[in-house]
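> A structural model of the following input is requested.
(2 chains)
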Amino acid sequence: MDTITRRQFLKATGAGALGAAATSLTIEDIANAAITRPLPLNTPILVVVTLYGGNDGLNTVVPASDPLYRSLRPGIAYNENEVLPLSEGLFLNGSMTGLHSLWNKNQVAIVRGVGYPNSDRSHFTSMAIWQSGLLGAAKTGWLGRWVETQPQDPLLAISLGSVLPPLLAGTKRSGSVLPLGGLVVPSGSLASDCIKLSIESKSDNLLQSMAAQSMRDLFTVSGDITPILKSPAPATPDLPTAIGGNAGGETNLTQQLDIVAKLVAAGSPTRVWSVSLGGFDTHANEKGAQSVLLGVVSQGISKFMAQIRNTNRANDVVVLVYSEFGRRVKANASDGTDHGTSGPVFVLGPRIKGGLYGEQPSLAKLINDDLAVTTDFRDIYASLLEKVLGTPAERILGNWKGRTSFFN
Amino acid sequence: MASVSERRKIARLVHRFGFGPRPGEFNSLLTLGFDSAANIYLTSPSSDEFADSQPEPEVSDQGPRPAPNSSAVVAYATEKRAQLSALTLWWLDRMVLSEHSLRERMTWFWHGHWATSYQKVDDALPMFLQNLTLRAFALGNFATMARAMVNDGALIYWLDGQTNTIKAPNENLSRELMELFVLGVNRYTESDVRETAKALTGYRVNKTSGAVTFLPKQHFSGTINFLGTSGSFDGNSLSDFLVSRSDCAQFISERLWYRFISSTSPFDDRGLTAAFAQRDIAKLVQALGRHPALDDPTNSLVKSPIDWFVSVCRAFEITPSKFSNTALLRRYLDNLGQVPFFPPNVGGWPADQAWLSSSSAQYRIQFATALVKESNLSPISSLPESMRISALADLLGVAAWSQRTELALRGAIKDPQRLALLAICSPEYIVSA
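As a prediction, this is how the structure comes out:
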């Protein structure tokens, strides 16, 4: 994200002061928060899965019976017998068996042709648009703005990994970050020293005040969840480094989801989780690399949903899966694809009415060799904000009318 | 005594245009005053006697990986790890030990600009060669640098240039060349991306050595149309053309502004793009170091993990390669999210707020705990307690401690290690205020 876009993204953070975060917490205050104030049962929870690099939508939700599909990308097209049937002549990538079985249970909504007007093919600009939920000069993330509509709680929105993704960035307050393996809180005299350092000082500038707050949050967040994370997360074998797979994101989605499952089960008062997987920038040798990655997405999510099914939160979780753009319809000479436009978005969970939504972009009516955008991504965000997070979409997305009706 | 504003300007100079002061350096610069300090700091001598006398890291062309189950594969993998480690420590040492740190600071800046990762390149030699190129041109002419980079094996391989052919161009390199390296986003069209990809055909990379060969027969020599021009182009002429555009001066000035002045304040030209008119990087850096924005208290920057680590090493006289456990050193940096030669993506590392998560706070404290044990703290411990807190500000190049931090430091005044740990984890040190 290290571009002018990111600068625009963070511009707002330079303007405001920190919110009402000045109270200094002690370990004693907070160590039991997850236990003393668990998320009320039946509160919907949103899990956002970001696929970094631009996932090739046409080889994810595959129009395998369309003769144009094979003639436009002969080297990297799938045959009908290699993919899993959905409906309307569409198929799921053959590696996505886990997600396919959820589809068969009517729990997967696939929104087709999702994007925004005048698609930008820069990873950074496009991801900034998706993560901000706004076109143009984005200053905050859509879920960061949501965090700011809520009472302050560092446990409200958590991203797995060590760096805050822009989607959780707010003007005054942002989501929190949880590294894999959990946080180790300093103890003893080091702790009392660090707590002294974490107090906000009048002379702090904005960034210094945020630095102090990050240390306060360390005590809040880790005190709450460290006991839950005692058992080590199962190790996952390293994913292959796909050629072209260099546009950001984490490599251990299964591990991230595993921790989210544990924390959701334990009652963490968290409404939004953010996880990610990188490697989708498949400019070369796409077929094998992408199917490995989609297999990880599918397996990780289906295992996660299975874990949640065994808890008293079985009906509460909604998962959103998106990427910053789809890819060009025609393959390049390296059996990969270059940056494109629209792609499918998955929304799944027991609250979701499974099926296909939006219009499949026609291969016969390409626009400059690219797929048309048939659904605006903000329709999906607006529906999720209202139905999962119970917040009027206008407060987050401005005056946006579109909705997608995938809720039961 | 220097005013707070003078101290802040000089602190910004040493932390942003260098990697922080070495013992005594901040005080000498204060004595000189900002103008003379800037004259010294912003002018890089042509050679750095100390750094140039350091042996080069032992990296070599390892050739292709032996078959998976062969006996040679273990030795190969061990050697591969050793080369990467040698390369990383060599560079960290240079950042810490160079007599004049502007050149290393700029090499580091350019590494984040032409962000190439070992993750995919997977061989130390091409990464080393790229690093030498970035250092050679770090303060030179940007046109020469850009030419060298479109011919750089690691960069071409990283962005799939070796699979870019006439029949179906791969646009990865051409897009990033315009978006992230030379012009900036939205200063070209999609059609320009497609056309310029053709100019970059015909380059083949030997993956393990980084050697690049240009194959005229594989190169598209026909006419391409882009950015209002047309003609036959190769990597060099394309690079020259892009660099000569006024958008390039604007973009490179903005990128330096973002890293050296503020990631949030809007770009304020005041002669910066003019200083870059001849694409002379040194001139642009000098203009930036004397820009009035450096005196504006709102333009604070968060030290990235490398900025933070290297500046601690310089102040406390730690040599990275002599760290008691260098594998652990790498793990700490990895936990903080920044390891040289491993930018997270082609856009380089994030800035400011991204480094201020609660997990960064945790890892910074762990790392600091290990660092102070290997530090030379005698400049502090030799002083009477009453002088330690202000001496620590001078040693670390901090403009002023807040009341909060001063109170925390006072509680640790008897224990130099604990004192040092708190100082380097304080908001005043984490942020270049």
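> ok, residue 394 - how many residues close by?
Here I'm looking at chain A. 13 (other Cβ atoms under 10 Å in any protein chain shown). Every C-beta, even on glycine, is put in place using the N, C-alpha and C of the backbone.
> wait, I meant chain B there
Around residue B:394 there are 18 other residues, counting by other Cβ under 10 Å.
> From chain A, how far out is it?
Computed as Cβ to the nearest Cβ, to the nearest Å, the residue B:394 to chain A distance reads 18 Å.
> Do I have it right that that residue meets residue B:29?
No. In this structure, residue B:394 is not within contact of residue B:29 by Cβ atoms under 8 Å, at 10.2 Å.
> Who are the contact partners of the residue nearest to residue B:140 when sequence neighbours are not counted?
Excluding the flanking residues, the one nearest residue B:140 by Cβ to Cβ, 6 or more residues apart in numbering or on different chains is residue B:281, at 6.1 Å. By Cβ atoms under 8 Å, 6 or more residues apart in numbering or on different chains, the contact set of residue B:281 is B:106, B:137-142, B:145, B:252.
> go on, residue A:133?
For residue A:133, the contact set (Cβ under 8 Å, 6+ apart) comprises A:141-142, A:145, A:377-378, A:381, A:396-397.
> Next one: it, what pLDDT does it get?
Reported pLDDT at residue A:133 in the predicted model: 95.
> sorry, back to before: same list (the contacts of residue A:133) but as TSV, adding distance to residue B:211 and neighbour count.
Below are the contacts of residue A:133 laid out as TSV (distance: Cβ to Cβ, whole Å; neighbours: other Cβ atoms under 10 Å in any protein chain shown):
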residue	distance to residue B:211	neighbour count
A:141	43	28
A:142	46	26
A:145	50	24
A:377	44	22
A:378	49	25
A:381	48	24
A:396	52	26
A:397	51	20
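> Return the member of those nearest to chain B.
Set against chain B, the nearest of the contacts of residue A:133 by Cβ to the nearest Cβ is residue A:141 (11.2 Å).
> Local confidence estimate at the residue nearest to the spatial centre of chain B?
Centroid-nearest residue in chain B: residue B:108, 2.0 Å away (criterion: Cα atoms, centre = their mean). Per-residue confidence (pLDDT) for residue B:108: 98.
> in a helix, that's where it is, yeah?
Yes. Counting by DSSP: H, G, I helix; E, B strand; the rest coil, residue B:108 is found in a helix.
> Run the contact check for stretch B:339-350 versus chain A.
Yes. Using Cβ under 8 Å from any Cβ of the partner chain, stretch B:339-350 reaches chain A at B:344-350.
> Check the separation of the first and last residues in that stretch.
13 Å (Cα to Cα, to the nearest Å).
> sorry, back to before: quick check: of the contacts of residue B:281, which lies closest to chain A?
Comparing the contacts of residue B:281 against chain A with Cβ to the nearest Cβ places residue B:252 closest, at 12.0 Å.
> was I right about the residue nearest to the centre of chain B contacting residue B:304?
No. Taking contacts as Cβ under 8 Å, residue B:108 lies outside contact range of residue B:304: 9.2 Å.
> for the residue nearest to the centre of chain B, what are its contacts?
So residue B:108 contacts B:95, B:306, B:340 (Cβ under 8 Å, 6+ apart).
> Let me know the helix or strand that residue B:193 is in.
Using DSSP states H and E, residue B:193 falls within helix B:190-199.
> Against which helices or strands is that helix packed?
On a contact count with 3 or more Cβ pairs under 8 Å, 6 or more residues apart in numbering or on different chains; DSSP states H and E, helix B:190-199 meets helix B:172-176, strand B:224-226, helix B:235-244.
> For the shortest one, list every residue counted as buried.
Translated: strand B:224-226. B:224, B:226 (16 or more other Cβ atoms under 10 Å in any protein chain shown).
> chain center to it, what's the gap?
Centre-to-centre, strand B:224-226 and its host chain are 34 Å apart (Cα atoms, centre = their mean, to the nearest Å).
> Show me what it pairs with in its sheet, parallel or antiparallel.
Strands that pair with strand B:224-226, judged by DSSP bridges, come out as strand B:229-231 (antiparallel).
> average pLDDT across the partner strand?
Per-residue pLDDT over strand B:229-231 has a mean of 97.
> Low-confidence stretches in chain A?
Applying pLDDT under 70 to chain A flags the ranges A:1-36, A:137-138, A:162, A:180-184, A:222-251.
> which residues in it form strands?
Assigned by DSSP state E, the strands in chain A fall at A:45-51, A:61-62, A:84-85, A:91-92, A:108-115, A:157-160, A:176-178, A:272-277, A:317-323, A:343-348, A:355-357, A:375-376.
> Check which helices and strands the fourth one is in contact with.
Taking 3+ Cβ pairs under 8 Å, 6+ apart as the contact definition, the neighbouring helices and strands of strand A:91-92 are strand A:61-62, strand A:84-85, helix A:97-104.
> coming back round to it: export the strands of chain A as TSV, with columns for distance to residue B:274.
Listed next are those as TSV, based on distance: least, Cβ to Cβ, whole Å:
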stretch	distance to residue B:274
strand A:45-51	41
strand A:61-62	52
strand A:84-85	60
strand A:91-92	56
strand A:108-115	40
strand A:157-160	42
strand A:176-178	41
strand A:272-277	42
strand A:317-323	41
strand A:343-348	44
strand A:355-357	54
strand A:375-376	43
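> Tally up the residues packed near residue A:392, please.
Using other Cβ under 10 Å, the number of residues around residue A:392 comes to 12.
> How about it: what's its closest non-neighbour residue?
Per Cβ to Cβ, 6+ apart, closest to residue A:392 is residue A:386, 6.8 Å.
> May I have the residues that are in contact with residue 145?
Picking chain A for this. Residue A:145 is in contact with A:133, A:170-171, A:395-396, counting by Cβ under 8 Å, 6+ apart.
> um, chain B though
Residues near residue B:145 by Cβ under 8 Å, 6+ apart: B:110, B:133-134, B:137, B:281.
> hmm, try it at 10 Å
Residue B:145 makes contact with B:110, B:113-114, B:133-134, B:136-139, B:152, B:181, B:239, B:243, B:279, B:281 under the criterion Cβ atoms under 10 Å, 6 or more residues apart in numbering or on different chains.
> Thanks a lot, catch you later.
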